[in-house]
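Peer 1: Here is my input, please return the structure:
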Amino acid sequence: MRAFRLVAVLVVVLGTASLTISCGKDSQTTTSPTTTPTSPTTSTFVSRLTVKGAVSRSFTATQAGTVSVTLTNAGGPFTLVGLGLGVPTTGIARCALNTAISTTPGASPQITAAVDAGSYCVTIYDLGNLTETIDFSLTVVFP
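Peer 2: Numbering: from 1, shown residues only. Next up is the predicted model:
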């Protein structure tokens, strides 16, 4: 009977020792926050531009990055119009332009600009050479 107790005590002691050994040294795992990369947003703007008119569209950059504006169609491949990038405001065109150019439609961005997170707008306008209303389309890629 005494030998049985001794074996039982040894089993308990060895079992506790093995638990202590296996649990005595935890390895620390550090997890870093996971960030999901966001791809740029692409927005296509299709409308009509009247003689002596201007049309604007606002958008919001959710983070700092690069905005590119591509006028892909403006009544024909040789139609010269004004194209600008700015910040929303009140008024007729509702866009205070920071960048403004004269351009014809094309496949490459006509305007590229670094921006911070915030509200922006793009405007297309008649430079004074339109004789009739034209259809246009432009693409804005923004962060």
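Peer 1: which stretches of this protein have low pLDDT?
Peer 2: 1-37, 92 (pLDDT under 70).
Peer 1: Skipping adjacent residues, who's closest to Ser43 in space?
Peer 2: Val140 (4.9 Å; C-beta to C-beta, 6 or more residues apart in numbering). All C-beta atoms are positioned from the backbone trio N, CA, C, and that covers glycine.
Peer 1: quick one: that neighbour is in a strand?
Peer 2: Yes - applying DSSP: H, G, I helix; E, B strand; the rest coil, one finds Val140 inside a strand.
Peer 1: residues touching it, list them.
Peer 2: 42-45, 57, 59, 67-70, 122 (C-beta atoms under 8 Å, 6 or more residues apart in numbering).
Peer 1: again, only this time at 6 Å
Peer 2: For Val140, the contact set (C-beta atoms under 6 Å, 6 or more residues apart in numbering) comprises 43, 59, 69, 122.
Peer 1: Gln63: what secondary structure?
Peer 2: Gln63 ends up coil, using three-state DSSP.
Peer 1: and stretch 73-82, which residues are buried?
Peer 2: 74-75, 79, 81-82 (16 or more other C-beta atoms under 10 Å).
Peer 1: Which pair of these spans the longest distance?
Peer 2: The largest separation in these, counting by C-beta to C-beta, is between Gly75 and Gly82 at 13.5 Å.
Peer 1: circling back: select from the buried residues of stretch 73-82 every entry located in strands.
Peer 2: Mapping these onto strands (DSSP state E) picks out 74, 81-82.
Peer 1: Check the offset of stretch 134-143 from the chain's centre.
Peer 2: 16 Å (C-alpha atoms, centre = their mean, to the nearest Å).
Peer 1: Which parts of this structure are helices?
Peer 2: 2-24 (DSSP state H).
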